[in-house]
Each structure stands twice: as structure tokens, then as C-alpha cells.
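Trainee: Here is my input; please provide its structure:
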Amino acid sequence: VRGLRQGRLAAAQPDGEACRYQGMNVCRGVRGELLVAAAVFVLGSGALSVLHDRSRPHYSLSSRQAVAAVRADRSDAEYLAHHHITGARTIPFDNRLQSVAFFDGSRTMLGVLVDPHGQVVFTAPEAGAPKAGSALANSAWILALFSAVFMLATMVVPLWRLRNLDALALAGLTADILLVNAGFVWINVLVSASSLTYLALRCLSVGVRRTEGAATARQVPLFDWLTARCDAARRLRLLRFITAGMLVAVMTLTLTSVATGDVATASLAGATDLLHWQLPYGHIAAFLHGDTYPLLTYVFYIPGAMLSPVLDAWSEPSGASPTAAVALLATAVAIWLLARRIAGPDRVASTRAVLAWLAFPPMMVAASSGTNDMVLAAVLAWMLALAAHAGRSTLLLVIAVWTKVVPLVLVPLWLVRGRRERIRALLPAIALSLLLCGYLVGLGGAGAFAAMVKALSYQFTRGSFDAPWYTFSVEWLQPIVQAAVLATLVWVVLALRRIDRPWLDGPRVAGLCGCLLLGMLLAGDHWPWRYLPWAFPFVAVALLVDRAPARIVVSRPAADGVTPRDTHAREPQLV
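Mentor: Purely as a prediction, here's the structure:
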């Protein structure tokens, strides 16, 4: 009733008065949404702090006893005797095992897992060797070459544009690969946390921007500026040649890699269990917490497991490489479609977007490791490409949640639709979830779903030096950051309700989703750089893809002979 009255009052006012009245209502709505978000932040901080405190694991061995147990182990003691060690720290690995790290200053030299009886379960030198992917893909020269091509595809002229800072922040995350391989954990956390925070805020600014009256600064893509003497056809041929070369290079590094990571190996092991009609949860004994992924992760790796089944830690995991290669290509096609939709008929702009994906160094190294993050990247990229189609995009979102848990944060955004449209979208998603639950019950009986949830809970209890909480001893800060992500989600959902058809605005949707996904990475217990491929499509579409110029809509003369003013086609406003 209040809305109807306000509508009548606004309609009864002259044009200027109606606009002023509408603007006041928008401002009041924004203030109300921010107050709700602030309340969620305050309450969430307190609740999450209590939850973190009560869920903290307790061990029978103290930290000093765990360090002493490692020094008492013969092989570990020999390693420590031949390396300069300045200190050791103990953090939780799960509810049973403790992780002991030995440092040489700020460099991690050795990582060891100790059980409650003081026995060493697992030992791995932390400095000097690539943590994932082939040695060639981790080479500093290869990373520098791919970074240069990435900057060529994304930067603009003049150089003092905000887009160049966005590209540098994204490319700067390549340094994490070298820092992690060298064992410089503290520097890596500083670089990654600052870059991710900046990119998350930039994505949020795109998602909540006011497009009306906004002027786009004149800028020329760096590739177009360097090839200014070429005509359009020749420039497009040259760009396609470079893109094809990068595609061949990435596919070669992926398919010839012999350094498949533990994530891909565990995924193949779970797929092998499915081929033998066995529930993967609780049966991947050769890998610590190799069963910590939702069911569809293992389903996607079934073709690879048919080529090279993984039965133990000594099996050949080469079947993960074709899976990663197919996911890489599928993501490239989705990014091309997104760029064509945003950039319009400019084929050079859409090809540059594909080149940026192929030249993104973390993606290249992740693909060479066969990680299941490449599969999630493909699913999320196609979800974003089909965001305007409620049923298809919601189905892909559910597939992403059944592949990895993190996309669950995007579900509330997809529910901000009309009632009839929401029902049509949820029906296939619910049907898929029921089918997968039935598959679980068929494999492991009535307790199969509980076994999967228990295995997934490891992701919420682990400790890691790849996040700032234990690295800088600021565990109290993590629930505050998590509450900030939750408050941002609530604010975005409330604000989206005021937009007319927001799913038609690709950069806005990508910005909001990218902000939430990057926020989840910042707030998590563990952040490896191989998560970047599935965040890349959102960041690229929101910040790096060229946009077509606004169209001019000229109205026909009115009946009384008065010609209205020309108006620009404008995007719907959020705030």
C-alpha cells in the first residue's frame, strides 16, 4: 500500500518533483540496506567468533611436544641437521593431526604432520621444488613470458588508467607461484591478501556502480596501440595467430605434464572408486583428505580414471591432464561468448579476452597440474555466460556447488528473481540434487550423505600458512573478515531486488559474483594460487573486457509536434 501511494504521489508531481521524490526514496532504501548489512556484520562477528573458539581442536600433544617428536624422527632430524633452522611453529591440520613447520627466517624449510601418538605421518620439504604443475610451467622464464602476453592483452594506453592497475594486480598474483615454491610464506601472504582485497573491492565497485551520466575515459588497448599502422583485418589476423600460439603452448604444457598434483590424483582416485561402485568418502586411504570434495568432482574425472585408474599412491595419474585440457577449452569458449556480448561486434576485443585467459600464468600452471579447479572454472564461466537464462544458469550453479563448496555463496544472488521465474529455475536444480543424493545412497546406503558432509567439513577446520590467520597470529581477525563477506552478501541481495532485470548486465553480475568469490578466498582457512582460474572469468568480465559504446536512442516526434530530446540507452541503476 505504501508503495502504491508513493507511486501515485510521484506520478502526480511534475517531472522534476517526481525525480526528486524518487531519488529520496532510493536514498532511503540504500540507507536501510546498509543498516541491515551493518547489523549482520556486528551480529555475525560475535557469532562467528564464538563458533571459532568452540570449534578449535584440542590435541593430546602440546606444540612443544609435537616439535620434539619431529626432531626425534631419524630422517627429519637428519634433514634439520643439514639446514639452517631458526624456529618452528605448530598449527592444526585437522581434528587429529598437527602440522609442524620449520623456518629459516621467513622461509619455510620443512613441513611435517604429527599424529596424537607423536608419530610422523607425512614429511615434505617446503622450499625449492614446485608445489604443483610441471617444472617447465613453474619456470621463471615461462611465467615471465606468459605474464608479458597477458599484459599485452589487457593493458591500455594511456598507462595511467585504473584498468592497468587492475591488470597489474591480477598479473601480480603470478608472484605467488614463485614465492610458494621458494618457501617465502609471509611475503606470499602479504602479496596475495593485498591483491585479492584490491580486486574484490574493484569488482564490488563495478557491481554497485551508477552508470547514469558516467563518462568513460578515452583509452586504447595496448595491442591496438602497438599495431596502429595495421588495418583492422591484419590486426585481427595477427592477434588470432598469437592466440593460437598460446593455445598450443598451454595445451602442450597440460597434456605432456608428468607432475600431476595431489588434488588431481585424489580426484582420479575417487573417480576410480565410482567406477567400482564404491563410495569415495572414507575409502581414499592413500591420500590424506583426498575425499574432501563433493560428488561431481569425482564424476567429472571418471573418463580420466577409465584411461589411468588410481588405486594407490603409486598409480600413474596421467588421466587428469585430458580433463584439465577440456575444461581449459570450455572456459575459453565461455569467455569468448561473454566478451562478444559485452564488446559488441569488435572481434579484436573478444579475441583479446581469450588471449588473456590463455596467457594467465596461474591458469597455465594449474592446468599442468590437472587440478579440479579447472573443472570448476569451466562450470562457473558458463554459468556467467548463461546468467540471463534462469533455469540454465541455476542448474550450472548447482553443478558448481556439487563440484566445490565455495560457489554456495552465489546461491542467494540467483534467488533474487521473480517468483515464477525462480520456481522454473529451481525445479531442474532440485531434480539434479535429488538424483545425486540418490546416487550417493545407492553407493553407500543411508549414511552416505552424512559421510560426504563429514569429509567436506575438513575444509572448515584446517589450518594453513597460506592464509594470514596463523602466519601473523591474527586468528581473531578471521571471523571478522567472514562476517564482512556475509554482510556484503546481504547488502548485495537487498540491493539487487531494486534492479529491473540485472542479469542482462554482464559486467555488473560478474563484479558482484567476483567480489563474493574473492571474499571467500580471503576469509578461508587456506588460499592456494590454483584457485585463481575459477575466479578469473568474473574478474576479467568485470574489469578487463572492453565494452561497446552506448547506443543513442532517438524518439519519434510526439503527436503535438514537439520532438523529445535524444536519450542515451542506460543500464539499470543499483545505487
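Trainee: where does the chain dip in pLDDT?
Mentor: 1-29, 126-128, 210-217, 285-287, 548-575 (pLDDT under 70).
Trainee: so after the strand or helix carrying T331, what's the next helix or strand?
Mentor: Element membership of T331 [criterion: DSSP states H and E] is helix 320-343. Counting by DSSP H and E, the next helix or strand C-terminal to helix 320-343 is helix 347-359.
Trainee: returning to what we had before: relative to helix 347-359, how tilted is the helix holding T331?
Mentor: Interaxial angle of helix 320-343 relative to helix 347-359 (axes from the mean of the first three to the mean of the last three Cα atoms, to 10 degrees): 150 degrees.
Trainee: Could I get the contacting residues of A320?
Mentor: 260, 264-265, 267-268, 301, 304, 370-371 (Cβ atoms under 8 Å, 6 or more residues apart in numbering). C-beta: built from backbone N, CA, C; applies to glycine.
Trainee: Tabulate the residues you listed in TSV, adding columns for distance to Q459 and neighbour count.
Mentor: As requested, those are exported to TSV (distance: Cβ to Cβ, whole Å; neighbours: other Cβ atoms under 10 Å):
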residue	distance to Q459	neighbour count
T260	21	27
A264	17	28
T265	18	23
S267	15	33
L268	20	32
Y301	19	29
G304	23	26
G370	20	33
T371	15	28
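Trainee: Of those, which belong to helices?
Mentor: Per DSSP state H, helices hold the following members of the contacts of A320: 264-265, 267-268, 304.
Trainee: which one among those gets closest to P412?
Mentor: P412 lies nearest to S267 out of the ones in helices among the contacts of A320, by Cβ to Cβ, at 28.2 Å.
Trainee: Nearest to H52 among the contacts of A320?
Mentor: For those, the nearest to H52 is T371 (28.2 Å; Cβ to Cβ).
Trainee: how close does the closest one get to W277?
Mentor: According to Cβ to Cβ, to the nearest Å, T371 and W277 sit 26 Å apart.
Trainee: same thing with T260?
Mentor: As judged by Cβ to Cβ, T260 and W277 stand 25 Å apart.
Trainee: With V100 instead?
Mentor: V100 is 39 Å from W277, by Cβ to Cβ.
Trainee: just S49 next, same as before
Mentor: Counting by Cβ to Cβ - S49 and W277 are separated by 44 Å.
Trainee: Between the two, which has more neighbouring residues?
Mentor: S49 (17 against 8; other Cβ atoms under 10 Å).
Trainee: Can you tell me what sits against stretch 143-162?
Mentor: In contact with stretch 143-162 (Cβ under 8 Å, 6+ apart) are residues 163-164, 167-168, 170-171, 174, 177-178, 202, 217, 219-223, 225-226, 242, 246, 352-353, 355-356, 359-361, 364-365, 544.
Trainee: Turn the buried ones among those residues into a named ChimeraX selection, would you?
Mentor: Remark: buried members of these, expressed as a ChimeraX selection using 16 or more other Cβ atoms under 10 Å:
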select :163,164,167,170,171,174,177,178,202,219,221,222,223,242,246,352,353,355,356,359,360,361,364,365,544
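Trainee: mind listing which of the contacts of stretch 143-162 are in strands?
Mentor: 220-221 (DSSP state E).
Trainee: Which phi and psi values does L275 adopt?
Mentor: With angles defined as degrees, to the nearest 10, L275 sits at phi -60, psi -30.
Trainee: and if you look at the one 3 residues further on?
Mentor: Taking degrees, to the nearest 10, you get phi -120, psi 140 for the backbone angles of Q278.
Trainee: so who does it touch?
Mentor: When contacts are counted by Cβ under 8 Å, 6+ apart, Q278 touches L443.
Trainee: swap in D291?
Mentor: Per Cβ under 8 Å, 6+ apart, neighbours of D291: 266, 270, 280-284, 455.
Trainee: can you pick the most crowded of the residues you listed?
Mentor: For the contacts of D291, the largest neighbour count, defined by other Cβ under 10 Å, is 30 neighbours, found at G270.
Trainee: State the distance from that one to P294.
Mentor: Using Cβ to Cβ, G270 is found at 10 Å from P294.
Trainee: Please apply the same query to V326.
Mentor: Remark: distance between V326 and P294 (Cβ to Cβ) = 19 Å.
Trainee: how close does S139 get to L279?
Mentor: Counting by Cβ to Cβ - S139 and L279 are separated by 40 Å.
Trainee: Comparing those two, which shows the higher neighbour count?
Mentor: Using other Cβ under 10 Å, the more surrounded residue of S139 and L279 is L279, with 22 against 14.
Trainee: what residues are up against that one?
Mentor: Per Cβ under 8 Å, 6+ apart, neighbours of L279: 273, 440, 443-444, 448, 451.
Trainee: Now do the helices in the stretch 451-575 of the chain.
Mentor: Under the criterion DSSP state H, counting those that start in this stretch, the stretch 451-575 of the chain contains helices at 468-471, 478-496, 506-523, 532-543.
Trainee: Give me whichever of the ones you listed is most buried.
Mentor: Greatest average neighbour count among these goes to helix 532-543 (a mean of 27), per mean count of other Cβ atoms under 10 Å.
Trainee: could you dump that one to CSV, C-alpha only?
Mentor: Only the C-alpha atoms of helix 532-543 are listed here, as CSV (Å, rounded to 0.1, in the frame of the first residue of the first chain):
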residue,chain,number,x,y,z
LEU,A,532,42.5,-18.2,-9.3
PRO,A,533,41.3,-19.9,-12.6
TRP,A,534,37.7,-20.1,-11.4
ALA,A,535,37.8,-16.5,-10.2
PHE,A,536,39.4,-15.2,-13.4
PRO,A,537,36.2,-15.1,-15.6
PHE,A,538,34.4,-12.9,-13.1
VAL,A,539,37.3,-10.5,-12.6
ALA,A,540,38.1,-10.3,-16.4
VAL,A,541,34.5,-9.6,-17.4
ALA,A,542,34.1,-7.0,-14.6
LEU,A,543,37.4,-5.2,-15.0
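Trainee: Return the list of helices and strands in contact with it.
Mentor: If you count contacts as 3 or more Cβ pairs under 8 Å, 6 or more residues apart in numbering; DSSP states H and E, helix 532-543 packs onto helix 162-172, helix 185-207, helix 320-343, helix 347-359, helix 361-369, helix 373-385, helix 506-523.
Trainee: For the fourth one, enumerate the helices and strands it packs against.
Mentor: If contacts are counted by 3+ Cβ pairs under 8 Å, 6+ apart, helix 347-359 sits against helix 140-154, strand 220-221, helix 222-226, helix 232-255, helix 320-343, helix 532-543.
Trainee: For V189, which of the ones you listed is the nearest?
Mentor: Nearest of these to V189, taken as Cβ to Cβ: helix 532-543 at 15.2 Å.
Trainee: Please work out the angle formed by the directions of the closest one and helix 162-172.
Mentor: Using the same axes, to 10 degrees: helix 532-543 against helix 162-172 is 180 degrees.
Trainee: so how far is helix 532-543 off the chain centroid?
Mentor: Centre-to-centre, helix 532-543 and its host chain are 7 Å apart (Cα atoms, centre = their mean, to the nearest Å).
Trainee: With stretch 447-466 instead?
Mentor: Averaging C-alpha coordinates over stretch 447-466 and over its chain gives two centres that are 19 Å apart (Cα atoms, centre = their mean).
Trainee: Same check on stretch 307-326?
Mentor: Averaging C-alpha positions (Cα atoms, centre = their mean) puts stretch 307-326 24 Å from its chain's average.
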